[in-house]
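> Just a sequence and a predicted model for now, questions to come.
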Amino acid sequence: MREARARRAVAGRDGGARRRGGLFALTALLVVAPGVAGCRSGDDIKNGPVYTDSVSAPATPYSGPLYVPVRAKGATGVDASGASGRALECDGRMYSGGRSDPWSRGDGGSTPVEGLLAYFDMEQPDVPRSGYRVERREHDRVLFSYDVAGRTKVAVIVAKDRPDRPGWGPETSASCDPSEFPAKVAESLGYEVWTDRDGHRLPVTEVRSDTGPGHCGWESAHFLELDGKREYASDPHGVLPSEMLTAPYRANVKLPADAHDTGYRFRGRQLWLTDDRSTAYVRVDGRVQAWPEVKEGVACQ
């Protein structure tokens, strides 16, 4: 999982906002997706590297202000993302959002589309990097949106020559849960989106999984996080430090009598839990694996 992997790479768990780093308060690790260009494009907003003519416009374009003051430091949700958060059309709760930090002259762009490219260059957000369109343009601000079925799932407002932010660049941004991105897009960004027993995609804030980080040699391990609180791991090849886990990983166990099916599914995996949730039981290929809980504060260095 992306945030858990970031925590292990730095200093264990983070009790605050889930996504941190880059220019915004709630951003994450860099994942390069197809369609990213390394050069700046100019002001042709339809032909730039982040645009596609197949994008459908929202049924009701955002009509609110393009500038909304961001509340004091420590704010979350819409309060932390200004007008960008208000431009979203999420099925569930907003996933991430924030405002930019200052940057130096030369980091910003000379056109709005270069300001959007500066957003990707400087912040390195974990969102789709193609398929954006201009939803609103107003004097020295432009709202770029990434839409799915005519609904805005990522919103980026770029502004010109704001204090300590010379040129065009990101002012605020916000995104819906990655489970609301198209399946192939979410997969290209590294998200393993689970479903419920009826096949409905679940928010990654509810359940998420991911392989271990390669720089630590943990690629054979797998991590599972529930509700952003409990984290479990499979370790079939014993690559994780023993002090990291509350118990050894077991590849073939008997399902406890008091275990119940959560209904969570991902590529043949079924997640079962007991009431104490001390172990995640993953049923796959006719066997049950016991994934122990991960201790807090043990990091991949």
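The structure has been received and is ready for your questions. Numbering: from 1, shown residues only.
> okay, now the domains of this protein?
Following automatic domain parsing, one finds the domains of the chain at 19-180, 205-292.
> Adding mean pLDDT, distance to Glu187 and mean neighbour count, write the ones you listed out as a markdown table.
Placement of C-beta: from N, CA and C, glycine included. Converted to a markdown table, the domains of the chain look like this (pLDDT from 0 to 100; distance: least, CB to CB, whole Å; neighbours: other CB atoms under 10 Å):
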| stretch | mean pLDDT | distance to Glu187 | mean neighbour count |
| --- | --- | --- | --- |
| domain 19-180 | 79 | 10 | 19 |
| domain 205-292 | 96 | 11 | 16 |
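> Leu202 contacts Val193, correct?
Yes: applying CB atoms under 8 Å, one finds Leu202 in contact with Val193, separated by 7.0 Å.
> Now the common contact residues for these two.
Taking CB atoms under 8 Å, 6 or more residues apart in numbering as the criterion, Leu202 and Val193 both touch Ser179.
> coming back round to it: and the domains of the chain as CSV, adding distance to Ala186?
Putting the domains of the chain into CSV (distance: least, CB to CB, whole Å) gives the following:
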stretch, distance to Ala186
domain 19-180, 5
domain 205-292, 11
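> And those domains: which comes nearest Ser188?
Of all these, domain 19-180 sits nearest to Ser188, with 5.1 Å by CB to CB.
> Distance from the chain centre to that closest one, please.
With CA atoms, centre = their mean, to the nearest Å as the basis, domain 19-180 stands 14 Å off its chain's centre.
> now stretch 281-294
Per CA atoms, centre = their mean, the centroid offset for stretch 281-294 relative to its chain is 26 Å.
> which residues touch that stretch?
If you take CB under 8 Å, 6+ apart as the criterion, stretch 281-294 is touched by 4, 223-224, 230-234, 244-256, 259, 268-274, 277-280.
> out of the residues you listed, which are inside strands?
Taking DSSP state E as the definition of strands, the contacts of stretch 281-294 contribute 223-224, 230-234, 269-273, 279-280.
> Of these, which pair is most distant in space?
Farthest pair in these, by CB to CB: Glu231 and Gln270, 18.7 Å.
> any chance of the ones in strands among the contacts of stretch 281-294 in a markdown table, with distance to Val78 too?
Formatted as a markdown table, the ones in strands among the contacts of stretch 281-294 follow (distance: CB to CB, whole Å):
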| residue | distance to Val78 |
| --- | --- |
| Phe223 | 30 |
| Leu224 | 29 |
| Arg230 | 27 |
| Glu231 | 28 |
| Tyr232 | 32 |
| Ala233 | 34 |
| Ser234 | 37 |
| Arg269 | 34 |
| Gln270 | 36 |
| Leu271 | 31 |
| Trp272 | 36 |
| Leu273 | 32 |
| Thr279 | 37 |
| Ala280 | 33 |
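> Could I get the full set of helices for the stretch 1-150 of the chain?
Along the stretch 1-150 of the chain, counting by DSSP state H, counting those that start in this stretch, helices occupy 2-10, 82-87, 112-118.
> ditto for the stretch 151-300 of the chain
For the stretch 151-300 of the chain, the helices defined by DSSP H, counting those that start in this stretch occupy 183-188.
> for the stretch 1-150 of the chain, what spans make up the strands?
94-99, 132-138, 141-148 (DSSP state E, counting those that start in this stretch).
> Same list as before, those strands that is, but in a markdown table and with distance to Glu123 included.
A markdown table is the format used below for these (distance: least, CB to CB, whole Å):
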| stretch | distance to Glu123 |
| --- | --- |
| strand 94-99 | 9 |
| strand 132-138 | 14 |
| strand 141-148 | 13 |
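> Of these, which is nearest Lys295?
Distance to Lys295, taken as CB to CB, is lowest for strand 94-99 among the strands of the stretch 1-150 of the chain, at 26.3 Å.
> what's the closest one packed up against?
helix 82-87, strand 165-176 (3 or more CB pairs under 8 Å, 6 or more residues apart in numbering; DSSP states H and E).
> Tell me what angle the longest one forms with strand 94-99.
Put plainly, it is strand 165-176. 170 degrees (axes from the mean of the first three to the mean of the last three CA atoms, to 10 degrees).
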